[in-house]
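Participant: Pasting a predicted model and its sequence here:
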Amino acid sequence: MLKFNPTTPIMLYARKSAYVPGQGQNDSWEQVKSGEYGVFYCEWKGTYGDRAISAEALGVKDSATIRTFYAPDTYAKLRSVQVIVIKNADVTAIVGGEPDKANPNVYEVWGGIDNVMEENQFMEFRVRRYEGL
């Protein structure tokens with residue numbers, strides 16, 4: 001049995017792209033929900049040691065590993081589109097419908113997502129500080 005301590009609330013926002021005739025490509029961010037729930041609780045582990053050095057070599061200054069409960073619709077979203085993670089469910093992190101890259105609680109999913117041991121119980125993924133486009 002896998003044990004972890006989900007004490008950190010997070011919100012997830014997925015990039016949604018659509019073509020609008022006469023206007024062009026339109027990108028927006030919409031909150032990822034699992035059913036009616038938009039705040040997820042996770043275990044947030046900051047990066048340190050060898051992982052921090054490896055990340056620094058790739059230009060990543062701040063990263064973390066997140067472990068949370070498995071939700072099929074959320075898992076599918078994290079695998080398919082760009083997703084922003086808002087640490088501590090900070091409501092000031094989205095300004096005018098866009099992630100605030102100056103906010104220290106805004107991260108983006110970095111790399112893949114793991115359905116831990118393929119048991120549909122927990123999922124784990126890494127994030128890095130969001131720097132915008």
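Facilitator: Noted; the coordinates are in hand.
Participant: quick one, phi/psi of Gly38?
Facilitator: Here is the backbone geometry of Gly38 (degrees, to the nearest 10): phi -120, psi -10.
Participant: was I right about it contacting Met11?
Facilitator: Yes: using C-beta atoms under 8 Å, Gly38 makes contact with Met11 at a distance of 6.0 Å. Yep, even glycine has a C-beta here, placed from its N, CA and C like the rest.
Participant: out of these two, which sits in the more crowded spot?
Facilitator: A direct count of neighbours by other C-beta atoms under 10 Å for Gly38 and Met11 places Met11 higher, at 21 against 13.
Participant: Spatially central residue for the chain, please.
Facilitator: Val85 (3.3 Å; C-alpha atoms, centre = their mean).
Participant: Just the buried residues of the helix or strand Glu43 falls within, please?
Facilitator: Using DSSP states H and E, Glu43 maps to strand 39-46. Judged by neighbour count using 16 or more other C-beta atoms under 10 Å, the buried positions of strand 39-46 are 40, 42-45.
Participant: what's the answer for stretch 18-30, then?
Facilitator: For stretch 18-30, by 16+ other C-beta under 10 Å, it's Trp29.
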